[in-house]
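Peer 1: let me see the structure of the following:
(chains A, B, C, D, E and F)
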Amino acid sequence: MKKGEVQLLDEQKRRHDGRAPNETRPISMKVGVLDRADGSALVEFGKTKVLAAVYGPREVHPRHLALPDRALLRVSYRMATFSTWERKRPTPSRREIELSMVIASALEPALFLEKYPKCAIDVFCLVIEADGGTRTTAINAASLALADAGIPMRGLVVAIAVGRVGDTIIVDLDEVEDNYAESDMPIAMLFPQEEITLLQMDGTMSPHLFEQALETARQVLRNVYSLQVKALKERALKARTKVVL
Amino acid sequence: MKKGEVQLLDEQKRRHDGRAPNETRPISMKVGVLDRADGSALVEFGKTKVLAAVYGPREVHPRHLALPDRALLRVSYRMATFSTWERKRPTPSRREIELSMVIASALEPALFLEKYPKCAIDVFCLVIEADGGTRTTAINAASLALADAGIPMRGLVVAIAVGRVGDTIIVDLDEVEDNYAESDMPIAMLFPQEEITLLQMDGTMSPHLFEQALETARQVLRNVYSLQVKALKERALKARTKVVL
Amino acid sequence: MKKGEVQLLDEQKRRHDGRAPNETRPISMKVGVLDRADGSALVEFGKTKVLAAVYGPREVHPRHLALPDRALLRVSYRMATFSTWERKRPTPSRREIELSMVIASALEPALFLEKYPKCAIDVFCLVIEADGGTRTTAINAASLALADAGIPMRGLVVAIAVGRVGDTIIVDLDEVEDNYAESDMPIAMLFPQEEITLLQMDGTMSPHLFEQALETARQVLRNVYSLQVKALKERALKARTKVVL
Amino acid sequence: MAEEERKIIPSIIKENILELLKEEKRIDGRKLFEFRKLRIIPGPIEKAEGSALVLLGNTKVLVGVKMSLGKPFPDTPNEGVLVVNAEFQPVASPYWELGPNEYAIELARVVDRAIRSSGMVALDELVIHPGELCWVINVDIYPIDDNGNLIDTALIGAVAALLTTRVPEIDFSSGKPQLKREEGKPLPIRDIPISCTFAKIGEQMVLDPNKQEECLMSARLTIAVNSANEICTIQKMKGGGFTIDDIIRAKDITIQKAKDLRREIQKQVAEKARGEEIWKEIREVLTS
Amino acid sequence: MAEEERKIIPSIIKENILELLKEEKRIDGRKLFEFRKLRIIPGPIEKAEGSALVLLGNTKVLVGVKMSLGKPFPDTPNEGVLVVNAEFQPVASPYWELGPNEYAIELARVVDRAIRSSGMVALDELVIHPGELCWVINVDIYPIDDNGNLIDTALIGAVAALLTTRVPEIDFSSGKPQLKREEGKPLPIRDIPISCTFAKIGEQMVLDPNKQEECLMSARLTIAVNSANEICTIQKMKGGGFTIDDIIRAKDITIQKAKDLRREIQKQVAEKARGEEIWKEIREVLTS
Amino acid sequence: MAEEERKIIPSIIKENILELLKEEKRIDGRKLFEFRKLRIIPGPIEKAEGSALVLLGNTKVLVGVKMSLGKPFPDTPNEGVLVVNAEFQPVASPYWELGPNEYAIELARVVDRAIRSSGMVALDELVIHPGELCWVINVDIYPIDDNGNLIDTALIGAVAALLTTRVPEIDFSSGKPQLKREEGKPLPIRDIPISCTFAKIGEQMVLDPNKQEECLMSARLTIAVNSANEICTIQKMKGGGFTIDDIIRAKDITIQKAKDLRREIQKQVAEKARGEEIWKEIREVLTS
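Peer 2: Predicted coordinates:
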């Protein structure tokens, strides 16, 4: 079976799981879920679950990797061996190595790296369960974990995938849609600036639909942004409550 | 064939090679067998033969591994490719990596690491032939090599395996017994303090037999300790003879 | 098929590609072929093509590899995956690792390493197409790239393989001859000193033919040396022309 | 525990811990031989045939079990294959780095030995064609928050994940055996090993050390027992020693603690929530 | 691009580049959206079934294609296998080191996606026995002189090498399938993907950045299109961002540039020299 | 030899060595072209099909040969497989580290070439089913005390181990071929290669350099010959050069030395002790 060979939309444009084309899966965002990390978050888009932990700014080891004029941002994106139907081997795949770089480049515009010369900011994303959209879920989790770590940020980095089924743009593709939709375009934006910090695409899309997809993504991302803000407020509230008690 | 499925004791409680339950194999200990090492020993328990070499206290490379308040004890336990019936692949196995750590933790109580901050003490154990009890043989060899290197020690670390065949405790298991006895418990003690510095167990043992096994081990280890002392005296004698000549 | 089983010389002592025993393949040497390297060369012996790039003297990373009293000469010899009939795996083979060392030892007598303590001189040889004689072609390319980098040299290192078919010495073996000749002896000499800086041999050769082979190699190498000198002059001319323009 | 981690304790807290221990008290209010609170959330990973999230106090470990088809080992043609592996991802600790880790190897091997020596999984029921085709059980341990005593937490996690594991049906219709993704029958289980890990701090021993106690311990001892109270695994680590009396005492306490802990694991695994409810629990537990 | 490389530009040149860009000029005289001169030398490697040396300005990439027999992937039993790999050998740059390189992985994966998404190679025609035997196409990319914009150069190189690739005849006579070394029939090709890579420098965007421009860029964007002008790959990298307007503009320029570039590639590949002539050209091109 | 090792010689000893060499004398009293004392203890490893401990002066190398069943290489379907490997374990030298070592690779490859070019092992007699099943001979070299000239010591060790090697009987009864552990018939041997390694120190050449001489040598040359006095392997290493006259002289000396050394090896291997006696000898030899 290949791209385009499975019917992903019915006549009413309902998706295989009942969603409307521009509807995301249920989203959950929890901040401050780990004790040892400086900042952490658990983000879920449907069955896709990602845990992120942030450390820093902190000393770089080995020392010669440190940059004289700014902080080193190190990002790792890894999938748990049991996160997929077929067990994933624990050694990092080429895909994981590339996505680690791509996620770093999505997060960097939000950070003031120049403020922390010779330091490192380390972001670790662990995909606990993979059901499509793991890189965008990881970016949302990493953004929240960075904020939770108290690292000054220009804004929050918010991410979602959009895709194409025939002439219809769908948002937040799950694994089945990832496999069979005609295209898949993960996108991240820095909010409130609405600057694009990650953009990738597989499959094919006409120039016209592409512009429509960008606009759809922008609308959905505004909602996801408000969810990130809400999750951070919840966390602040809880932290304050703890202090009061 | 599995644990318990081979008859390891006859009606007279003789073992498959004719030994009594609490009898060790022939033991040979030779100190100062290598020229380039600071200290060295060749220890044999029956066909199990282990060579140990010690270097240090010496500088640590790379420098950032050095500890500010004490010496770094680095131990490697490796089996020669031809030491087993099936050729062993030369890349270290998970077992070799774990045993290196376990042996380090067996030797450490004998050393004054705090006296050598920023230095390393390196212990290399090479199993030349493996016929059961390689880790305990390696500990005996390492203890002698450390002493031969002139490194101040609180005592000597002496090791043996004990195990269970039915309700009988046997000592110094060979390969056949390793494979088929109901349990295998390597144990190391610091002498003369009689402090346990290594203890592992596989298989099953009742609480009662366990206490009996510990006591049997202690008795046997006292003998092995005296063999270590004897080997060091032989070495000292020879060294003195050489100087006199 | 094994060494000696293919007829490599006809009755007129013509080789399978029509060459005389002491005739090399067409040789091309081009210096200064890369922009980013400090020095570079492309050398071809028939279909065997090697690209060499040189950097340095430059800082050593990591720092602890630097030598206090002289420059570190680092040589890598690598074959492109598509340089052979069977695709070569990109991880370096044991052969590539050994040849990197052997080539370094061939080049070193030409260099004043003691003049650049704590620095590195890096030589990278990439075999683009392999048709016999890749190590000697790489040495010729490396020698020219070192000179092109402006690194002071005692002389040029010139290399060729000689071999034996029956009682006949042949020079510059191609792949077929490499596989089926009774012996293969790569040799490098520092010119004009005519000091041997690389010598290896596979197969068998009588003491008498061996002396004859050395002498034949010396004669051929004198020609190859003049080709290296010519290539460097061409390069100097072009560089001067560029400056003038 | 990485070497550098020893240094993280301020000396005032260190003094405090040592003083309290002299009176047989602990800094977190526990008795010397008392476990931290255990919470097991079974079955969170839908794509794994078995899984569990375990919290022992603030120490958190996620374990997944994947079932696949493979070849028996040549020396055990009539048994399925069990592989225990631990991945130390730096989410769990500021002192961990990416890449292979010798402490992860030790953890995995101790958990493996406890499962194997206790005979927990009936490997002889997991052969399909002797010497040719059998089940391969991959138990993968991911610590996600290292607040001390990973070994006991990981063994509980592995046990709980195995207790939730389903063996898929096999579809032989295409010639090549294929797994069906629907629920299968439970993994055949024969026993449940329980481990107790002790830290020696000064002259005292404590059960289930937290991270601060681990930073001060001179030696560590793990004893595991099966349900017949037979000892089935021991592991001593770290640079100090134990007396024979220490060891016998630790063995007695282990036997005494194991029964309740085994019952607690079984109870919490049996109370498995369904679907979305599982994750509701997890969110609550992680943010409370 | 390695991190240290950012520092190589003298600040006077940096100022110069930024000043010129304000007037929509570039330091090498190009317009903002102009490619450097393209030179393709098809077929230099006799032992590879396909190959090309590509020069985009001073950036030079050598690509070889090796055809071998293998097994289809289990999830695509009716397709041949395509593997794209890049080796960053230090011949190409003083900032590269021996050994695996994450930038090489990214380069290979972007080229792979562009070839795959465009459907360039008719993989469905490359199966011999479904599920059992198929062609494996190894595309290996070796940059040999990194003067900026390796991605576009590498994609052109991969495309050109694939266009020259011959599928060998198979000799089944010995039981085991063996490849014949004589020329075979051309690889079945369905489309040609073209990529355009943009650098954002200050507020400006430029096409096909040279090395100096890469050192100043805050962000990088690659868009690839197929011959129907559909977008088939996008990759954004580096630590800055783009506005939606930037992206739409880049998309429009890509579509506008792609047609000519595709024609140029086809033309230069078609003009393939023979034997010794190829290397004469290479020697000339590399020393001029 | 690791680079740092060059520095270990006190300059007074260095001067001394150089002065003596001017008078054609050596620091350990040997003549320029004299080997150190050779002692071979054949067969110490019971679980290896062949083995030998070799002492050349104070340089000690242990070599084991393991025989197993495998597949011939595709290009030599009618030959068994011979694999020579060297492991540089740090027991042998304070300058060696754990892990792969390029000097070990060189050592193994030179020994491999000498064995192969001399035709020592009749590989064509070691095929069981052409193209399908053959003997695989693993020769593993472990230096245990590096006091100079590992190459000659290792080749003697490999030769001696191969001379003691027994080819096990194969039991085909179970379908799968299994090796019987009892003694088999000797490995078919056709020749014995002998190498001589020369160090160039100043203007002099010496045979069989000890560690101090290795630290001073500018270049190293190894020549191996077969029993017909044909040269069968050469290896030049280290950063200096040789004149053609040096090389011819080294060749002549090698031929002159080889005969005696070959006979000595055969004699010592033939005097193989049995069982416990072997280790008695080893203990004596290592502590004397």
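Peer 1: what about chain D, any weak spots by pLDDT?
Peer 2: D:1-4, D:6-7 (pLDDT under 70).
Peer 1: what parts of it come near chain B?
Peer 2: Taking C-beta under 8 Å from any C-beta of the partner chain as the measure of proximity, chain D contacts chain B at D:3, D:76, D:102, D:105-106, D:108-109, D:113, D:116-118, D:219, D:221, D:226, D:228-244, D:246-248, D:251-252, D:255. Every C-beta, even on glycine, is put in place using the N, C-alpha and C of the backbone.
Peer 1: which residue ranges of the chain form helices?
Peer 2: With no chain named, the answer covers chain A. Remark: helices assigned in chain A by DSSP state H are A:94-107, A:134-148, A:175-180, A:207-244.
Peer 1: hm, I was asking about chain D
Peer 2: Using DSSP H, helices in chain D cover D:11-22, D:102-117, D:150-163, D:211-216, D:244-270, D:276-287.
Peer 1: report the buried members of the residues of chain D next to chain B.
Peer 2: D:76, D:105-106, D:108-109, D:113, D:116-118, D:219, D:221, D:226, D:230-242, D:244, D:246-247, D:251, D:255 (16 or more other C-beta atoms under 10 Å in any protein chain shown).
Peer 1: point me to the residue of the stretch 1-150 of chain D nearest chain C.
Peer 2: Closest approach between the stretch 1-150 of chain D and chain C, counting by C-beta to the nearest C-beta: residue D:97, at 17.2 Å.
Peer 1: and the nearest residue to that residue once chain neighbours are set aside, what does it touch?
Peer 2: Among residues not flanking residue D:97 along the chain, residue D:90 sits closest, at 6.3 Å (C-beta to C-beta, 6 or more residues apart in numbering or on different chains). Contact analysis of residue D:90 by C-beta atoms under 8 Å, 6 or more residues apart in numbering or on different chains lists A:53, A:55, A:76, A:122, A:124, D:96-98.
Peer 1: OK, contacts around the residue nearest to residue A:108 when sequence neighbours are not counted?
Peer 2: Nearest residue to residue A:108, sequence neighbours excluded (C-beta to C-beta, 6+ apart): residue E:239, at 3.3 Å. By C-beta under 8 Å, 6+ apart, the contact list for residue E:239 reads A:73, A:104-105, A:108-109, A:113, E:218-219.
Peer 1: mind listing which of these are in strands?
Peer 2: Using DSSP state E to define strands, the subset of those located there is A:73, E:219.
Peer 1: quick one: which of the contacts of residue E:239 is nearest to chain C?
Peer 2: Within the contacts of residue E:239, proximity to chain C (C-beta to the nearest C-beta) peaks at residue A:73, which comes in at 21.0 Å.
Peer 1: show me where the stretch 1-150 of chain D has its strands.
Peer 2: Applying DSSP state E, counting those that start in this stretch to the stretch 1-150 of chain D gives strands spanning D:38-42, D:50-56, D:59-70, D:81-86, D:127-129, D:133-145.
Peer 1: for the residue lying closest to residue D:46 once chain neighbours are set aside, grab the count of nearby residues.
Peer 2: Distances taken as C-beta to C-beta, 6+ apart put residue A:47 closest to residue D:46, at 6.1 Å, once the chain neighbours are dropped. The tally of other residues near residue A:47 (other C-beta atoms under 10 Å in any protein chain shown) stands at 21.
Peer 1: from residue B:101, how far off is residue A:47?
Peer 2: Remark: distance between residue A:47 and residue B:101 (C-beta to C-beta, to the nearest Å) = 38 Å.
Peer 1: and residue D:23, by the same measure?
Peer 2: For residue D:23, the distance to residue B:101 - C-beta to C-beta - is 34 Å.
Peer 1: can you count the residues close to the residue in chain D positioned nearest to chain A?
Peer 2: Scanning chain D for the residue nearest chain A gives residue D:64, at 2.8 Å (criterion: C-beta to the nearest C-beta). Burial measure for residue D:64: 29 neighbouring residues, criterion other C-beta under 10 Å.
Peer 1: where does pLDDT dip in chain A?
Peer 2: A:1-5, A:241-245.
Peer 1: surely residue A:153 touches residue A:110?
Peer 2: Yes - assessed by C-beta atoms under 8 Å, residue A:153 is found in contact with residue A:110 at 4.8 Å.
Peer 1: just to revisit the earlier point, most tightly packed of the helices of chain D?
Peer 2: Across the helices of chain D, averaging neighbours per residue (mean count of other C-beta atoms under 10 Å in any protein chain shown) puts helix D:150-163 on top, at a mean of 28.
Peer 1: mind giving me the packing neighbours of that one?
Peer 2: Helix D:150-163 sits against strand D:38-42, strand D:50-56, strand D:59-70, helix D:102-117, strand D:133-145, strand D:194-201, strand D:219-225, helix D:244-270, with contacts defined as 3 or more C-beta pairs under 8 Å, 6 or more residues apart in numbering or on different chains; DSSP states H and E.
Peer 1: in a markdown table, list those along with distance to residue F:204.
Peer 2: Formatted as a markdown table, those follow (distance: least, C-beta to C-beta, whole Å):
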| stretch | distance to residue F:204 |
| --- | --- |
| strand D:38-42 | 76 |
| strand D:50-56 | 71 |
| strand D:59-70 | 62 |
| helix D:102-117 | 49 |
| strand D:133-145 | 62 |
| strand D:194-201 | 62 |
| strand D:219-225 | 58 |
| helix D:244-270 | 64 |
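Peer 1: residue contacts, the nearest residue to residue D:64 once chain neighbours are set aside?
Peer 2: Setting aside the residues directly before and after it, residue D:64 is nearest to residue A:82 in space (C-beta to C-beta, 6+ apart), at 2.8 Å. By C-beta under 8 Å, 6+ apart, residue A:82 lies in contact with A:88, D:45, D:47-48, D:51, D:64-66, D:138, D:140.
Peer 1: with residue A:225 instead?
Peer 2: Taking C-beta under 8 Å, 6+ apart as the test, what residue A:225 contacts is A:156, A:158, A:191-192.
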